[in-house]
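Asker: build me a structure from this.
(chains A and B)
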Amino acid sequence: MKLRTTTPLALLAAAALAAVSACSPGSTSGGGGDPNAFEFWSMSGIDQQRSVDQYTQKHPEIRVGLTEVGSSQETAQALTTALAGGKVPDLVLIQGDDLPKFLEQPQNFYDLREFGADEIKGDYLDWVMAQATAEGGEIIGIPTDVGGMGVAYRTDLFAAAGLPTDRESVSALWPTWDDFIATGQRYVAATGKPFVDNVPTSVFYQAVNQVSQKYYDDAGNAIYADNPEVKEAFDLALRAIDADISAKLSYASEGWNAALPRGDYAVVSAPSWMLNSLRRIAPDTAGKWDIAAIPGGAGNWGGSYLAIPRRAQNPQAAWAYIKEMQAPERQLSHFLDVGTLPTTPEVYEDPQLLAETEPFFSGAPIGRIYTQALLGLEPFHMGPDTATIGAEFLNALVDVEQTGGDPATAWDRAVGNIRTAIGQ
Amino acid sequence: MTATLPSRQIPAPVGTGRTRGRLPFVESLTPYAYVAPFFVLFGIFGLLPFLFTFYVALFDWNPIGDQTFIGLDNFTRMLADPRFWNATANTVSIWLLSTIPQLALALLLAHVLNHARLRFALFFRMSMLVPYITSVAATVIVFAQLFDRNYGLLNWLLGFLGVGPFDFVQTTWGSHLLIAVMVAWRWFGYTTLLYLASLQAVPRDVYEAASIDGAGGWKQFVHITIPSLRPVIIFTVVTSTIGGLQVFTEPLLISGGVLTCGPVRQCQTLSLFLYEQGFGQYEFGYGSAIGVALFVMVIVAAIINYLLSSRIRAER
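Answerer: Model (predicted):
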């Protein structure tokens, strides 16, 4: 009889146990107040493992639990969920576009000034630092890299179209975006093939990042609907679509990946972090690429920050890592290894950086080209909905380019969709 | 009947309950304890999150910031939101496109697979399950390549016929068709086996008698197979309605992980819209309101389905 009554209770207890342990996924990993271990969440594809390996080689007593969560968006989502009540990592890499949402709620992160971020913030580009500084002055992120802009183009296809192939002459073909469109029309007329992968990311995203004010004014008011600079970038994109120079392939889609090695488009706007993707997707085209300057002068697309969540178990170890690995000379060596552009202007004149060339891209001096694109940059304010607004503008342009949306009403549709999306 | 009842189940006279000892009381709890594990887990992982969703829907809920009570504002906002109605229309369209052909195909296949003279029947029956056990992600990758505008096999074949190319991902009807094909492809085998299992219970004599009476395959299908499958048809209609209203992975993956599923949200389903608002925009309150709406729709659809199906049964 005893057995019969205890068994269900035991079952209940087991069920409850199972329920409790299932409630906290990921709680098995290290950290736990151990001063020599910390958890690090990164996005995949940008090779943070290399930095971690270098760090642990120098500091064999430190254990770093690196998790590559996924794309930048997935990493930000995982971080949001963690901050809302799960187990947070000690250190997290956040992509620049995702940062404003987190910056709105700085109480979720350590103010890095507590560790002395004030002393090192001068090492980094002012405007990059400003984008990681909350309204109350809290610094929640230290920048690891910036995008920088360039145009990757196929020299063999340019030659076949009767265009110049060396990067100086190619850069001279397009001082402005309208020259870029004209060059595209020449290319299409000569070859009958599309010139650029797509207009929304390769033209609009670049041009709209070359403005002095983007979707917010410096006081943080949303001005996307009235800002003439944004409207001009949008109209430019419409002109480019109208010129019919595009392969109409969404960036990183199946078709985009398939077309790249086949040379079905000759140019693609390539911030420095994209060079790795080009090399990976089209290894057989090595040496057929080169990099020219972006039309319209300086600009930036992308970049990431390291932040320490407030409930981190070992913030000290995470900060030690940030301080050492994001120092100017380490950002330089990371650039030489991986190709992500430093955020520390003092290395921009470094002979090693200036001498860095890239065989895949016909020996292009990528250090010189990409830092050049950053030096004349006018920083703009990023607001909490910068990413959403950008996505809606992009969608409106993709609609015109790929699904036959009416270009005459595209701007109004975009603004209307943004109003629905962000409610202002 | 009452005579066969065990005597101990006859209610004891009032007042003697305590004197009969504690053990029978505990014993009477035993069945509850045995079913408890499921209900405890269901409570923790099913019911609680479910009720919490209703609660969150009443707030402007920032997962990493403030939570403000705003009553039904999320719902009024949702009803005025064109994106919500767009997602609803897409979901219904994809559901119709996938469910009707899927169930019709499954019925036919089950009828054929049940045929007495089919050779290698077991092989064909087993292969029905292959799409079902294939991961959705793998399915999508293959179909996305087949249906690609520029490099897809389908458009290449259509090119020989002198039509196309069609853009299945970026156009509204194309994306709905593509998703519906994937959903139907994944589920038709499962549905077929359900039908087949039911058909096996129908005595062969019935078909043989029908053959002797001169009824052909089609007549047998209409007059024997479909009537004998009515209960399971109702079941599959209800389950595929519930599944169809929750389509998520296929549209997400054909658009390459873009939560809007295309520039004009042409293939954004309700669950994708819910996810976009909740985890893309971090508007948990609004996302929860969409979740509640989805829940209501599933319930209403299930009830309508059930009523319609049972009416058909009653009329025939």
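Asker: show me how chain A divides into domains.
Answerer: A:37-146+A:303-354, A:150-300+A:358-422 (the TED database).
Asker: could those be laid out in CSV, adding mean pLDDT, distance to B:V130 and mean neighbour count?
Answerer: Backbone N, C-alpha and C define where each C-beta goes, glycine included. Converted to CSV, the domains of chain A look like this (pLDDT from 0 to 100; distance: least, Cβ to Cβ, whole Å; neighbours: other Cβ atoms under 10 Å in any protein chain shown):
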stretch, mean pLDDT, distance to B:V130, mean neighbour count
domain A:37-146+A:303-354, 91, 29, 20
domain A:150-300+A:358-422, 91, 23, 20
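Asker: now tabulate those in a markdown table and tack on distance to chain B.
Answerer: Conversion of the domains of chain A to a markdown table gives the following (distance: least, Cβ to the nearest Cβ, whole Å):
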| stretch | distance to chain B |
| --- | --- |
| domain A:37-146+A:303-354 | 4 |
| domain A:150-300+A:358-422 | 4 |
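Asker: helices or strands up against the helix or strand where A:V398 lies?
Answerer: Using DSSP states H and E, the secondary-structure element containing A:V398 is helix A:386-402. Under the contact definition 3 or more Cβ pairs under 8 Å, 6 or more residues apart in numbering or on different chains; DSSP states H and E, helix A:386-402 sits against helix A:99-103, helix A:228-242, helix A:407-422.
Asker: 6 Å instead?
Answerer: Packed against helix A:386-402, as judged by 3 or more Cβ pairs under 6 Å, 6 or more residues apart in numbering or on different chains; DSSP states H and E, are the following elements: helix A:228-242, helix A:407-422.
Asker: can you pull the contacts of B:L270?
Answerer: Listed by Cβ atoms under 6 Å, 6 or more residues apart in numbering or on different chains, the contact set of B:L270 reads B:A87, B:T91, B:L294.
Asker: low pLDDT regions in the stretch 101-250 of chain B?
Answerer: Along the stretch 101-250 of chain B, the parts satisfying pLDDT under 70 run over B:116.
Asker: okay, the angle between the helix holding A:V398 and helix A:407-422?
Answerer: Orientation note: helix A:386-402 sits at an angle of 150 degrees relative to helix A:407-422 (axes from the mean of the first three to the mean of the last three Cα atoms, to 10 degrees).
Asker: chain center to helix A:386-402, what's the gap?
Answerer: 17 Å (Cα atoms, centre = their mean, to the nearest Å).
Asker: of the helices and strands packed on helix A:386-402, which is nearest A:A117?
Answerer: helix A:407-422 (30.3 Å; Cβ to Cβ).
Asker: bridged to the closest residue to A:L99 other than its chain neighbours, which residues?
Answerer: With sequence-adjacent residues excluded and distances taken as Cβ to Cβ, 6 or more residues apart in numbering or on different chains, A:L99 is closest to A:Y305, at 5.8 Å. With DSSP bridges applied, A:Y305 shows beta-bridge pairing to A:I94, A:P143.
Asker: try the one 4 residues further on
Answerer: In this entry, A:P309 is beta-bridged to A:F109, by DSSP bridges.
Asker: distance of it from B:S93?
Answerer: Taken as Cβ to Cβ, to the nearest Å, the spacing of A:P309 relative to B:S93 amounts to 42 Å.
Asker: also B:W218?
Answerer: Using Cβ to Cβ, one obtains 30 Å as the distance from B:W218 to B:S93.
Asker: which of those two has more neighbours?
Answerer: B:S93 (19 against 9; other Cβ atoms under 10 Å in any protein chain shown).
Asker: quick one: contacts for A:P315?
Answerer: Listed by Cβ under 6 Å, 6+ apart, the contact partners of A:P315 are A:Y110, A:I308.
Asker: let's go with 8 Å and repeat that
Answerer: A:D90, A:Y110, A:F115, A:I308 (Cβ atoms under 8 Å, 6 or more residues apart in numbering or on different chains).
Asker: next one, pLDDT for the residue of chain B found nearest chain A please.
Answerer: Closest contact between chain B and chain A, by Cβ to the nearest Cβ, is at B:A33 (2.8 Å). On pLDDT, B:A33 comes in at 90.
Asker: buried set for the host helix or strand of it?
Answerer: Element membership for B:A33, per DSSP H and E: helix B:23-42. Of the residues in helix B:23-42, those buried by neighbour count under the rule 16 or more other Cβ atoms under 10 Å in any protein chain shown are B:A33, B:A36, B:P37, B:V40.
Asker: can you check stretch B:169-182 too?
Answerer: Counting neighbours by 16+ other Cβ under 10 Å, one finds that the buried residues in stretch B:169-182 are B:169-172, B:174-182.
Asker: how far away from the center of its chain is that stretch?
Answerer: Computed by Cα atoms, centre = their mean, the separation of stretch B:169-182 from the middle of its chain amounts to 19 Å.
Asker: list of residues touching it?
Answerer: Surrounding stretch B:169-182, the residues in contact under the criterion Cβ under 8 Å, 6+ apart are A:253, A:398, A:402-403, B:90, B:93-94, B:97-98, B:101, B:139-140, B:143-144, B:147-149, B:166-168, B:247, B:250-251, B:254-255, B:261-264, B:266-267.
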